[in-house]
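Chemist: Sequence first, then the predicted structure:
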Amino acid sequence: MLWSCLVQGALLLTLVSLFYLGARSLVRQQAERELVHLAEQTARSLGNTLRSAEISAEMLLAPLRDQHFDTAQLHSLLQAAVTADPNVDGARVFIEPGRLPGVPAGYDCHAQLRLGVVERRCKGDITNEEATRQLRVHSPMWTAPYANADAGGGLFITHTIPLHATGHTLPAGVVSVDVPLQRLRLDLGRLPGTVGLRATLLAPDQRVVLSSTEGVHAGLPIRDYLRLRPDLAPLLGHGSTTAGTELDHRSSEGVRFLTRVAALEQPGWRLVLSADHDLLLADLRTVTWGTVALGVLGLLLWLVLVRRHAQHLLQPMEALTAAARRFDAGHFEQPLAADEQDDEVGQVSRAFEHARRSIVQQMATIAELASARERNQSELRIAHGIQQGMLAEPPQLSGGGYQLRTCALLVPAREVGGDFQHVACIAPTRLCFVIGDVSGNGVPAALFMARVLTILEAAMHLHQHPDRILADAARTLADRNESCMFATVLCGVVDVATGMYELASAGHESPLRRQANGRVRVLPVRSGAALGIPTGYGFPLSHGVLADGEYLLAYTDGITEAQCPQQTWFGLDGLRAAVAAVADDRLVCAHTVRALEGFTGSEHAHDDMALVVIGRHVMPSPVTLQAPATLGGLQRLLACLEDGLRTRGVDGEQVHRAQLVVDELCGNVIAHQRDLTHVTLDVVATPTDDGLVLDVRDGGEAFDPTRVPAPDLDAPLANRPIGGLGLHLVRSMSSRFQYRRREGVNHIHLVLLPAGPSKE
Amino acid sequence: MSRLNLRIDGGNGPYQRMHLSGRLDGSTHAALDEALEPLLHEGTHILEINLAGLDYISSAGLRSIFRARKMLSTHAGRVLLMQPQPPVRKVFELVKAVPVDEVFASQDELDDYLAAIQARMAEDDY
């Protein structure tokens, strides 16, 4: 918009400038022609006036040449000469005494027109000096302007002609006529006054006769005139008589003039006519400024109109743009202003409003759906928690110098699933596990799974053998199973002391057994029918022995049937390979999951997955030590502790920490007990899966180290006491730091944290 | 089994260096205290204790080092610990007995630190 206005303004300015320059050139040419014309005309007019006076003088003179007049007749002639020519206000006849017959005494009279009356003055006695002075005129001539006292001081020029009587060589007298400059001024006064014309009439004697220039008086010599107007020197200087030439010049006041010099018909007479250049162009300028003002006014008017029209056009577009910005920012609440126009903008506007309403409606629907979905998700999360809560922590079982370690995993594909596993102690040395897979997925499978698991749990506490457990559960499940769902289940019982295991399968995958040498076998288990399907058949038992370092791994088909992007199954081979690679039964679950994720390329399971691992290991025996409460005894005790722990495979850093803890606890006894004579130090260190369990006993005075306040480790070093750090070290490196006093013995029980972490 | 070996070099100068090896615990800290005694005066500006050979330290040993540190600090002296083994370093960290920037893993680190200290002292004098 702004640029459009600027361009239009520039165009207007250019057009006005071109118009002005063209018109200026034309006006100037016209003015020059006009000036020439005026100069010529005025010169002609002045020439006519002068010529008229010259003719009057001739007319007065002509009869005197060859006729004889007496004084009275001469008076009449003189009066006639003055009254006949309106350009002539005075006339004079001078005749030398004795030259003409009619006037032997000579004649010297002057007639002057004054207030319409001709007054005549004659001189009686004409002296010789006077005659000589008058008769100097040899040829017709014009005088310089003079003030005529007879005519009230008015300025005059006089044309004088010598009178030659017929047959005489010497002039007998002179005839002259007076032309008032006022008469010539009338000629100049006809010039138009609007263009600041200055006219100057120059006589042949290089004097100014008449001038309309201020300060130039009649009779001024031309050199003085040029001193006032030096800019005219090129036209008039050095006695130049050039006529018909023009000059474009600047006066000493800085005014620019166009000047034309025109010659009168009388030789040597010149009219200098100057026109003010600025005044010549004044009208043009007025017109031009008027045009510019009108143009600017028009442009402003145009701008206002354009702006109003543009606003009319743009307002709906701006409303649309604002709406689009709101949409972009996700705000759809504000409706668009109604646009009833039938143009494109109106159509787009209505389409926008329609789309907005539709989006608002859809968003409301989506919000409702999201709310419902959130409710569902929340319920499913609760269901997930309930289902996971049904899966009890896998127990550890030990006996006969062995321990059974169990590790279980359940990963539902959705929040809840149909896979399950459960491990429980069913006798002091017997561990029972079940793992199963309910037909289908999701909530129905989860509900059925809850029923199956509850029935199996009940059966596990009633029976000691897997076949019986499954048979019992199968009977119960077959009842009231209108939905005809079923579950495949593998049930096993392991005796920790003997390693004997029994397995029974209700249509479930056979478990794997990993031997200590790394070999992985699929155990042959003959299967019965899946639970939930009423049949009369039983569940055959399989037997085996789990040796030290071996483990059983039971799984659901969600693992073997996991697919990679190339649609290949993970399969039994994949699972066997994963199992073969891990000797530690505590790590195999996590390793299998990682292997599966690596295979499928996704962390999200597509089917429910469950794993149960049961490993059997020889229990490491505790290190049991006793020493007298002396520095030497403590040193020996620490040395034996190190040896004992190292032979049980405890790593060096843990041994170091155990030594430090025992050192600090026993060192405290030695340092602070008053009587150590009968005090012994008993230390039992038991390596377990959870860490190294330390039991430290002493028979000294009661002292509860767990009540000692922790030192302020953040205080400036200079303000801290030197001691009090030993128990802090013990606390930092242990969990379950407990004290009790029983039967005169201080008993401290603690578990050393695994190497690495510490409670700083 | 419990043995502490210690060696001192540095003569009578303001910079004393001590090498510890073996075990520093309740039965050996007295030997360290005894060896440190003649060094803990105002003539010692820096006491560098090299722990590269130290296998074990208990709170009794910590106490000795802590005590040396406190005594020297009254004369604006410093105890710097060099190359502690990871278990020993861990113990120092647990009790925060020494600022972390006064335990050095290598001779280069110590040299840089000493250079910085000297530069700062020179600046203060100036």
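Modeler: Happy to help now that I have it. Here the structure is a predicted model, which means the values were calculated and not measured. Residues are numbered from 1 along each chain as shown, chains lettered A, B, ... in the order given.

Chemist: residues from chain B in reach of chain A?
Modeler: B:1-2, B:25-27, B:56, B:58-60, B:62-63, B:66-67, B:69-70, B:73, B:86-87, B:90-91, B:93-99 (Cβ under 8 Å from any Cβ of the partner chain). For every residue, glycine as well, the C-beta is placed using N, CA and C.

Chemist: So which of the residues you listed sit within strands?
Modeler: B:Y56 (DSSP state E).

Chemist: Tell me which residue is most central in chain A.
Modeler: A:R325 (15.2 Å; Cα atoms, centre = their mean).

Chemist: So the residue nearest to A:G601 when sequence neighbours are not counted, which state does it fall into?
Modeler: Leaving aside its sequence neighbours, A:G601 sits nearest to A:P565 (Cβ to Cβ, 6 or more residues apart in numbering or on different chains; 5.8 Å). Using DSSP: H, G, I helix; E, B strand; the rest coil, the structure places A:P565 in coil.

Chemist: give me the residue from chain B nearest chain A.
Modeler: B:S59 (3.4 Å; Cβ to the nearest Cβ).

Chemist: so what's that residue up against?
Modeler: Residues near B:S59 by Cβ atoms under 8 Å, 6 or more residues apart in numbering or on different chains: A:E664, A:G667, A:G723, A:L725, A:G726, A:L729, B:V95.

Chemist: so the second one touches B:G61, yeah?
Modeler: No: with contacts defined as Cβ atoms under 8 Å, A:G667 does not count as touching B:G61, sitting 10.9 Å away.

Chemist: Now the residue of chain A at minimum distance from chain B. Nearest residue, chain neighbours left out?
Modeler: Nearest to chain B, among the residues of chain A, is A:G726, at 3.4 Å (Cβ to the nearest Cβ). Nearest residue to A:G726, sequence neighbours excluded (Cβ to Cβ, 6+ apart): B:S59, at 3.4 Å.

Chemist: Which residue lies nearest the spatial centre of chain B?
Modeler: Note: chain B centre (Cα atoms, centre = their mean) maps to B:I49, 3.5 Å.

Chemist: Can you tell me which member of the contacts of B:S59 has the lowest pLDDT score?
Modeler: Within the set of those, pLDDT is lowest for A:G723 (72).

Chemist: Identify the residue spatially nearest to it, adjacent ones excluded.
Modeler: Per Cβ to Cβ, 6+ apart, closest to A:G723 is B:R63, 5.5 Å.

Chemist: so who does the one you found touch?
Modeler: With Cβ under 8 Å, 6+ apart, B:R63 has these contacts: A:I722, A:G723, A:L725, B:H29.

Chemist: Then A:H465?
Modeler: Neighbours of A:H465 in contact, by Cβ under 8 Å, 6+ apart: A:V493, A:E502, A:A504, A:L541.

Chemist: same thing but 6 Å
Modeler: A:E502 (Cβ atoms under 6 Å, 6 or more residues apart in numbering or on different chains).

Chemist: can you give me phi and psi for it?
Modeler: phi -130, psi 140 (degrees, to the nearest 10).

Chemist: isn't B:K96 right next to A:D712, touching?
Modeler: No: assessed by Cβ atoms under 6 Å, B:K96 is found out of contact with A:D712, at 10.0 Å.

Chemist: out of the two, which sits in the busier spot?
Modeler: Using other Cβ atoms under 10 Å in any protein chain shown, the more surrounded residue of B:K96 and A:D712 is B:K96, with 18 against 12.

Chemist: ok, for that one, nearest residue in space, not its chain neighbours?
Modeler: A:L713 (4.4 Å).

Chemist: For the residue nearest to the centre of chain B, pull up the helix or strand it's in.
Modeler: Using DSSP states H and E, B:I49 sits within strand B:46-57.

Chemist: How many residues are close by residue 38?
Modeler: Just going to use chain A. 22.

Chemist: that's the wrong chain, I wanted chain B
Modeler: 11.

Chemist: can you check the one 5 residues further on too?
Modeler: Other residues lying near B:G43 total 12 when counted by other Cβ under 10 Å.

Chemist: List the residues that contact it.
Modeler: By Cβ under 6 Å, 6+ apart, B:G43 has no neighbours at all.

Chemist: Not counting its neighbours along the chain, what's nearest A:V708?
Modeler: In space, A:V708 is closest to A:L727, 5.1 Å off (Cβ to Cβ, 6+ apart).

Chemist: Can you point out the buried residues in the helix or strand harbouring the one you found?
Modeler: Per DSSP H and E: A:L727 is located in helix A:726-733. For helix A:726-733, a neighbour-count test (16 or more other Cβ atoms under 10 Å in any protein chain shown) marks A:G726, A:L727, A:H728, A:L729, A:V730, A:R731, A:S732, A:M733 as buried.

Chemist: Take those and write them to JSON lines, including distance to A:E318.
Modeler: Formatted as JSON lines, those follow (distance: Cβ to Cβ, whole Å):
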{"residue": "A:G726", "distance to A:E318": "79"}
{"residue": "A:L727", "distance to A:E318": "77"}
{"residue": "A:H728", "distance to A:E318": "73"}
{"residue": "A:L729", "distance to A:E318": "75"}
{"residue": "A:V730", "distance to A:E318": "76"}
{"residue": "A:R731", "distance to A:E318": "72"}
{"residue": "A:S732", "distance to A:E318": "70"}
{"residue": "A:M733", "distance to A:E318": "72"}
